[in-house]
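Peer 1: have a look; sequence and predicted model below, questions after that.
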Amino acid sequence: MNEIIKNIEAEQLKAEVPQFNVGDTVRVHALIKEGNRERIQIFEGTVLKRQGGSTRETFTVRKTSNGIGVEKTWPLHSPHVKTVEVIRRGKVRRAKLNYLRDRVGKSAKVKERVK
């Protein structure tokens, strides 16, 4: 039974998965359906966490819109997520950046990783 589930999930994986980590600033191109129309909406923010594995892997992105923090969680292998662009790499030492929710201003920013 377990082997059957693995085969079904393997078919649903995306061929190219973008390389990004927690703390990176990304631009997510999401497919939005409104009635019978489709359009692509861009959501740009900091990646707070990545969790799960295989087809169930999700990532959460946080941005501030008009002074209010907005978080969205997307499945990584969803057909509604067209592309994920990495704008800048972040220098973090944690796997989940939940502490950013309580911060305002400069302290809510993540330093850029320099190579």
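Peer 2: Cool, the structure landed. Numbers count the residues shown, from 1 in each chain.
Peer 1: which parts of the lengthiest strand in the chain are buried?
Peer 2: With DSSP state E setting the assignment, residue counts place strand 37-51 as the longest strand in the chain. For strand 37-51, burial by neighbour count (16 or more other Cβ atoms under 10 Å) applies to 43, 45, 46, 47, 48, 49, 50. C-beta: built from backbone N, CA, C; applies to glycine.
Peer 1: helices and strands around that strand, which ones?
Peer 2: Under the contact criterion of 3 or more Cβ pairs under 8 Å, 6 or more residues apart in numbering; DSSP states H and E, strand 37-51 touches strand 25-34, strand 58-65, strand 68-75.
Peer 1: so how far is the helix or strand of the chain with the lowest mean pLDDT from its chain's centroid?
Peer 2: When the helices and strands of the chain are compared on mean pLDDT, DSSP states H and E, helix 2-12 comes out lowest with a mean of 85. Its chain's C-alpha centre and that of helix 2-12 lie 24 Å apart, by Cα atoms, centre = their mean, to the nearest Å.
Peer 1: same check on stretch 29-37?
Peer 2: Going by Cα atoms, centre = their mean, where stretch 29-37 is centred and where its chain is centred differ by 18 Å.
Peer 1: please apply the same query to stretch 30-41.
Peer 2: Stretch 30-41 sits 19 Å away from the centroid of its parent chain (Cα atoms, centre = their mean).
Peer 1: tell me how far the ends of that stretch are from each other?
Peer 2: Criterion Cα to Cα, to the nearest Å; first-to-last residue distance in stretch 30-41 is 5 Å.
Peer 1: and which of the buried residues of strand 37-51 is nearest residue 13?
Peer 2: Checking these against residue 13 with Cβ to Cβ, the nearest one is residue 50 at 15.5 Å.
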